[in-house]
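Visitor: fold the following.
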Amino acid sequence: MHATHQFQTGILLLALGLAVPGASGERPMDQALDYPGIKNVTLELSLKPFKNMDEAYIEATCKELFRQWSPLTRHADGVSVLLWTADGSEILTYKGDLSEEIEWGRYIGGANSKVEVGSGPEHLSLHQRAFLYTENPPTITYGDLKRIVAALKRVGNEITGKPVRAGATFDPGPEFADSPFKYKLHPEICLGDTMGKGTMVCSYSVLKGDRERYAGFPEGIPEGTPFGTFFGRQCRHFLRDLSFDYLWLSNGFGFGLETWGCTGAVFDGERFDTAGLPPVREKILDFWRLFREECPEYLIETRGTNLSTGMDLASDGVPLREIYRGGFNMVPPPNSPWAALDGNFGLELAGYMSHIAEIPGDDYPFRYYTHDPWWLNSPWLDRYGREPHDIYLPMSVARIDATGAVWLPTSILFLTADNSFGEMPVEVPNEVIPHILRGRADSPDQSGPVVWIYPFDEYHDMTFAENPRVGEVLFGDWFICRAINIGFPVNTVVSTNNFLSSRVARPEIYDESVLLSIVPDEGTALEAGLLDTLKKGGRVLLYGPLAHASANLLDLLGVRLDTPLEGEFDLVTAMNLDQLEAGQWPTRIQHRSLTGGGPLRATVQAADAAVLASVSREGESRVIAASRFLPEWNGGGLVWIRGVNSNYYRKGARLLLNDDPATWFQGELLMRFALHVFGYDFVVTKRLAEQPDPLVGVARRHNGFFFSGYSPDTTVTERFRYPQGAPLLIGYETWLEEGRSTYTLPRAWHRECRVFVDGQQDGKLSCREAHSGHYGVKRRLQVAGLENATLRFYPDTASDVNNVRIAVNSSYPYHAGKVELKTGDPKFGRHFVVENVTGNVNIAW
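Guide: Okay, here's the model as predicted:
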């Protein structure tokens, strides 16, 4: 029986971020850093590096693969190799004959284009005409593939000392290998149009009969056979006969019809076909049930769609909840690799968090795009330009479970170890692995500045209810996606149910975070939990329409509902802290009910409600952002952002497009601006409104703050402030401006912060790592440029906090100027405070 989990020796990462004694097989004194809970490293690989089928060549290739990645795999419990043999047609056409030749993925470019391989005019793109990757690609049989699988397992175990699994792949599209089965013999299964009409296999398609021989159907396919039945039976034979251990479903297969785009079986860009939701849901679930009836043993790992849970529900009726809870022995999808192609890192992060808010089991993966073995690009070297933002940003993400424990991904996957020519350039693992290990060492063990309470169950209920509210579901995730893309710092997720449980199990875990939630429906447990948190001093940021809010919540916000409005408006905002050095901010904004979760309806009711933003037209106005702070909330605060979504659909586009930021105000900016109400500033200075904003994530680990960012425009300056002061990033200088630290940061950056400065409004400051120089001192920081400031230091909880020493204006050996440690206000977390300090501070521990 094949394992239901990737490896059984991993751990649950508790909120304290405990190290894993012996998890890497090393003595504790040999390992300065801990890389918690890495159960598995997956090296994805095409067959291109195996340029001949000699046993010695196969073994040498395997040795080189595992040696290159050994600095990472030494920290894992196990290793996997996911083989991109072809496009999965080798499974569909498998007859049980190991001597049969495989049509394998030996191409660069689209293998099923109409132009003959290597021919045609020079100007044709790789999507129009493919090439062979080498002059004389080897002939590979199923028996050869079995030998490769065996060699990978044997050699991998010899070199790494770890158990090694092999995975097979299935892709629904036309990219990787020539497939007469999909496009000539059985085109009826290709219902998806993602890469052109009839290009993508749909999991719930039905096969016409044929008289061909297959391993699972020796007499041919009976008329009307569901694809799930056929595919499952073929997989059972193929995986068993060739000694594979698990199956990977690629490019959204198993999760709907159009898995790359915002339209599908439910949403066509203009309307929602809600009547079609129940049958679509059943068709998708039927695939999983039928597949498992035929192939019950093998673990399924999934690529998932390019989108989020809510987007997939609204566009394609994808019942992710039922798939996760269906007992299908599957692993949830990793972060999508598509941000490397389109730069939409907000979609990657929002989609990732939405997929891991709830998971089927204990494991979830992280995936990184190093090479592409088909399309002549190696993202680490070219698309990313050797910049590690797509490592540090998604590695700052964590999920919280029902007990309040913080979970990190248990598997790290690499697409792929080889490039389009079958080469394995050693420079790539040499350069990538240090960032992966640094990102893992700095991954969260507590919640970040914002915790997204993801409405996993609510979105499913809203989609499949008798009166569906799919418009709200579509709106919500697109709104958060765009907010992240313009700098909203959210990288911790908890499902609604887990939030309600964890706040009881460990009520303190959200004390240092703003809770982000959709507007709860009247009378729900979510409403009760949020309001109780608010009354106990919590900070709550709500987003979305108020149509289903309770009268009590409307009263607390100080608003009421009026007649609906949509269209173009003038904007009035009291909280735009971003600065333009040239040009003007747009004062016009568009609201579309179709993609905006319905019309705008809120107006002011209470005199003490603070209107943060409103829109007006022809004498009528509507509130789109408001805040309220009441004394009985014990310091708690409530902010509501309606959400004016700057997205719209254009026919033929895969994703919703954005309004021109030079002409139209981006409504999602209000999310970032709203954090100012709670004392957080993540604001920017730039010349023009249309310049893209930086993305930021903040991971909390061992009581530190690990900032990660991506600057699509490196001329933009970022300004930061927390309730406890301005963060000083270790290794950088900063000018304080109005109490905020300012940085002009590179394309990708990752910096630790343990010092915040308050009370000082301006001046040049620095925080630098210094050498220990003393026995018993592990680390030392030097802070310079202080003037009558309050300094807050957050000690490393992985070290002895009783060993902390702070000295003011002291030089080596730092005996003079020592100050008595004073514990700071617990509302700002665990820290020490030094008040009214001028000059330099030396901090050692």
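Visitor: switch to C-alpha atoms for all contacts and neighbour counts from now on
Guide: OK.
Visitor: which SS class is Val611?
Guide: When classified by DSSP: H, G, I helix; E, B strand; the rest coil, Val611 comes out as strand.
Visitor: wait, doesn't it sit right on Val623?
Guide: Yes: applying Cα atoms under 8 Å as the test, Val611 and Val623 come out as touching, 6.9 Å apart.
Visitor: what touches both of these two?
Guide: Taking Cα atoms under 8 Å, 6 or more residues apart in numbering as the contact criterion, the common neighbours of Val611 and Val623 are Val604.
Visitor: my read: Leu408 touches Arg399, true?
Guide: Yes: under the criterion of Cα under 8 Å, Leu408 lies in contact with Arg399, with a separation of 6.9 Å.
Visitor: list the contacts for Val834?
Guide: The neighbourhood of Val834, defined by Cα under 8 Å, 6+ apart, consists of Thr790, Leu791, Arg792, Leu821, Lys822.
Visitor: same list (these) but as CSV, adding pLDDT.
Guide: As requested, those are exported to CSV (pLDDT from 0 to 100):
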residue, pLDDT
Thr790, 98
Leu791, 99
Arg792, 99
Leu821, 94
Lys822, 97
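Visitor: which ones among these map onto strands?
Guide: With DSSP state E as the criterion, strands contain Thr790, Leu791, Arg792 from among the contacts of Val834.
Visitor: gap between the last one and Pro187?
Guide: Okay, so that is Arg792. For Arg792, the distance to Pro187 under the criterion Cα to Cα, to the nearest Å works out to 65 Å.
Visitor: more neighbours, those two?
Guide: Under the criterion of other Cα atoms under 10 Å, the comparison of Arg792 against Pro187 puts Arg792 first, with 26 against 17.
Visitor: distance-wise, check Val684 relative to Val819.
Guide: According to Cα to Cα, Val684 stands 36 Å off from Val819.
Visitor: same check on Met462?
Guide: Applying Cα to Cα, one obtains 57 Å for the distance of Met462 from Val819.
Visitor: cool, Ile300 as well?
Guide: Plainly put, Ile300 is 58 Å away from Val819 if you go by Cα to Cα.
Visitor: for Ser378, same thing?
Guide: For Ser378, the distance to Val819 - Cα to Cα - is 53 Å.
Visitor: please say which of the two ends up with more neighbours.
Guide: For Ser378 and Val819, the more surrounded residue by other Cα under 10 Å is Ser378, and the numbers stand at 23 against 11.
Visitor: and the strands in the stretch 1-150 of the chain?
Guide: If you assign secondary structure with DSSP state E, counting those that start in this stretch, the strands in the stretch 1-150 of the chain sit at 40-46, 78-84, 107-108, 131-132.
Visitor: how about TSV for the ones you listed, with distance to Ala56 and mean pLDDT added?
Guide: Shown next, in TSV, are the strands of the stretch 1-150 of the chain (distance: least, Cα to Cα, whole Å; pLDDT from 0 to 100):
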stretch	distance to Ala56	mean pLDDT
strand 40-46	18	99
strand 78-84	19	99
strand 107-108	24	97
strand 131-132	24	98
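Visitor: tell me which of those strands approaches Gln724 most closely.
Guide: Ranking the strands of the stretch 1-150 of the chain by their distance to Gln724 (criterion: Cα to Cα) puts strand 40-46 first, at 38.7 Å.
Visitor: can you name every helix or strand that the closest one contacts?
Guide: Secondary structure elements in contact with strand 40-46, counted by 3 or more Cα pairs under 8 Å, 6 or more residues apart in numbering; DSSP states H and E, are helix 70-73, strand 78-84, strand 411-415.
Visitor: distance from the chain centre to that strand, please.
Guide: Centre-to-centre, strand 40-46 and its host chain are 19 Å apart (Cα atoms, centre = their mean, to the nearest Å).
Visitor: then stretch 102-109?
Guide: Using Cα atoms, centre = their mean, we find the averaged C-alpha position of stretch 102-109 to lie 30 Å away from the chain's own average C-alpha position.
Visitor: before we move on, what about stretch 191-209?
Guide: On the basis of Cα atoms, centre = their mean, stretch 191-209 sits 28 Å off its chain's mean C-alpha point.
Visitor: which other residues reach stretch 63-83?
Guide: Contacting residues not belonging to stretch 63-83 are listed as 7, 9-10, 23-25, 35, 37-47, 152, 155-156, 159-160, 162-169, 248, 417, 424, 426, 429-430, 433, 437 [Cα under 8 Å, 6+ apart].
Visitor: filter these down to the buried ones and hand me the ChimeraX line.
Guide: For the buried members of the contacts of stretch 63-83, the matching ChimeraX selection, counting by 16 or more other Cα atoms under 10 Å, is:
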select :7,10,23,24,35,37,38,39,40,41,42,43,44,45,46,47,152,155,156,160,162,163,164,165,166,167,168,169,248,417,424,429,433,437
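Visitor: Gln760 is in contact with Ala726, correct?
Guide: No: Ala726 is beyond contact range of Gln760, at 9.2 Å (criterion: Cα under 8 Å).
Visitor: what is in contact with these two at once?
Guide: When contacts are counted by Cα under 8 Å, 6+ apart, Ala726 and Gln760 have Leu736, Gly739 as shared neighbours.
Visitor: between the ones in strands among the contacts of Val834, which is closest to Glu508?
Guide: Here the nearest of these to Glu508, counting by Cα to Cα, is Arg792; it sits at 20.5 Å.
Visitor: and the closest one, what are its bridge partners?
Guide: Partner residues in beta bridges with Arg792, using DSSP bridges, are Phe756, Val833.
Visitor: around Thr93, how many other residues sit close by?
Guide: Using other Cα under 10 Å, Thr93 has 20 other residues around it.
Visitor: now for it: which residues touch it?
Guide: Phe181, Tyr214.
Visitor: ok, now Ser495?
Guide: With contact taken as Cα under 8 Å, 6+ apart, Ser495 is in contact with Ala357, Glu358, Ile400, Asp401, Ile453, Tyr454, Pro455, Phe456.
Visitor: and which of those residues is nearest to Arg386?
Guide: Ala357 (30.3 Å).
Visitor: what ranges do the helices span in the stretch 651-800 of the chain?
Guide: 669-674 (DSSP state H, counting those that start in this stretch).
Visitor: run through the strands of it in chain order.
Guide: Using DSSP E, counting those that start in this stretch, the strands assigned to the stretch 651-800 of the chain run over residues 657-658, 681-686, 695-701, 704-710, 717-721, 726-729, 732-737, 740-743, 748-758, 762-770, 780-793.
Visitor: can you lay out the ones you listed as TSV showing distance to Gly667?
Guide: Output for those, formatted as TSV (distance: least, Cα to Cα, whole Å):
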stretch	distance to Gly667
strand 657-658	11
strand 681-686	15
strand 695-701	17
strand 704-710	21
strand 717-721	20
strand 726-729	26
strand 732-737	26
strand 740-743	24
strand 748-758	26
strand 762-770	31
strand 780-793	35
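Visitor: which of those sits closest to Tyr133?
Guide: Proximity to Tyr133 (Cα to Cα) singles out strand 748-758 among these, at 32.6 Å.
Visitor: just the buried positions in the closest one, please.
Guide: Buried residues in strand 748-758, counting neighbours by 16+ other Cα under 10 Å, are found at Ala748, Trp749, His750, Arg751, Glu752, Cys753, Arg754, Val755, Phe756, Val757, Asp758.
Visitor: and that strand, what does it pack against?
Guide: The helices and strands touching strand 748-758, judged by 3+ Cα pairs under 8 Å, 6+ apart, are helix 389-395, strand 704-710, strand 726-729, strand 780-793.
Visitor: residues near Glu135, how many?
Guide: By other Cα under 10 Å, the residues close to Glu135 number 7.
Visitor: contacts only, for it.
Guide: By Cα under 8 Å, 6+ apart, Glu135 lies in contact with nothing.
Visitor: distance-wise, check the residue nearest to Arg617 when sequence neighbours are not counted relative to Asn809.
Guide: Setting aside the residues directly before and after it, Arg617 is nearest to Phe569 in space (Cα to Cα, 6 or more residues apart in numbering), at 5.4 Å. The span separating Phe569 from Asn809 equals 56 Å under the rule Cα to Cα.
Visitor: more crowded one of these two?
Guide: The neighbour comparison of Phe569 against Asn809 (other Cα under 10 Å) goes to Phe569, with 21 against 16.
Visitor: all set, thanks.
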